[in-house]
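Q: Need the 3D shape of this:
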Amino acid sequence: QVQLVESGGGLVQTGGSLRLSCAASGRTFSTYAMGWFRQAPGKEREFVAGISWSGRSTYYGDSVKGRFTISRDNAKNTVYLQMNSLKPEDTAVYYCAAENYGLGLPGGEYHYWGQGTQVTVSS
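A: Just a heads-up that it's a prediction; the model follows:
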């Protein structure tokens, strides 16, 4: 089992940047693909980005391609989401999730979730 704790959310102006972190417990972090999802009020949860266990493969939702970058540091049991050129429509609670022996794809079986961190982009 793995426990996930997100951090790095906050309030930022349009065009600004934030870096989210997701720290994972457990000794088998490197076997998990990781994903970032977000959910805005009144909207369905949306896939943002995913990364394979090795870090060699990454995937992005269409709305964030070219602006967000997912990365991981297996030595630190941490996955990151660098968010640049932020827009008001990026406002949401951002969650990280873990998929054991997965690829980090949008439709993966993410069994473990963090509690979320709020990102608010002001116009």
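Q: Mean confidence (pLDDT) on stretch 1-8, please.
A: Average pLDDT, stretch 1-8: 94.
Q: pLDDT below threshold where in the protein?
A: The chain contains no residues with pLDDT under 70.
Q: Just list the residues touching the most centrally placed residue in the chain, thanks.
A: For the chain, the residue lying nearest the average C-alpha position, counting by Cα atoms, centre = their mean, turns out to be Trp36 (2.4 Å). Taking Cβ atoms under 8 Å, 6 or more residues apart in numbering as the definition of contact, the neighbours of Trp36 are 20, 22, 48-50, 70, 79, 81, 94-97. The C-beta positions use only the backbone N, C-alpha and C, and glycine is treated the same way.
Q: These in helices, which ones?
A: In this view, the contacts of Trp36 have no member that belongs to helices under DSSP state H.
Q: Closest one to Asp62 out of these, please.
A: Distances from those to Asp62 were compared by Cβ to Cβ; the smallest belongs to Val48, at 10.5 Å.
Q: Skipping adjacent residues, who's closest to that closest one in space?
A: Closest residue to Val48 in three dimensions, ignoring its sequence neighbours and counting by Cβ to Cβ, 6 or more residues apart in numbering: Trp36, at 4.3 Å.
Q: bridging residues for that neighbour?
A: Counting by DSSP bridges, Trp36 is bridged to Ala49, Cys96.
Q: for Tyr59, same thing?
A: On the basis of DSSP bridges, Tyr59 takes part in beta bridges with Gly50.
Q: Kindly report the same for the one 10 residues further on.
A: With DSSP bridges applied, the residues forming beta bridges to Thr69 are Gln82.
Q: quick one, what contacts it?
A: Taking Cβ under 8 Å, 6+ apart as the criterion, Thr69 is in contact with 49, 58, 81-82, 84.
Q: other SSEs contacting the helix or strand hosting Val5?
A: Take DSSP states H and E as the rule and Val5 turns out to sit in strand 4-7. Contact partners of strand 4-7 among helices and strands, from 3 or more Cβ pairs under 8 Å, 6 or more residues apart in numbering; DSSP states H and E: strand 18-24, strand 92-100.
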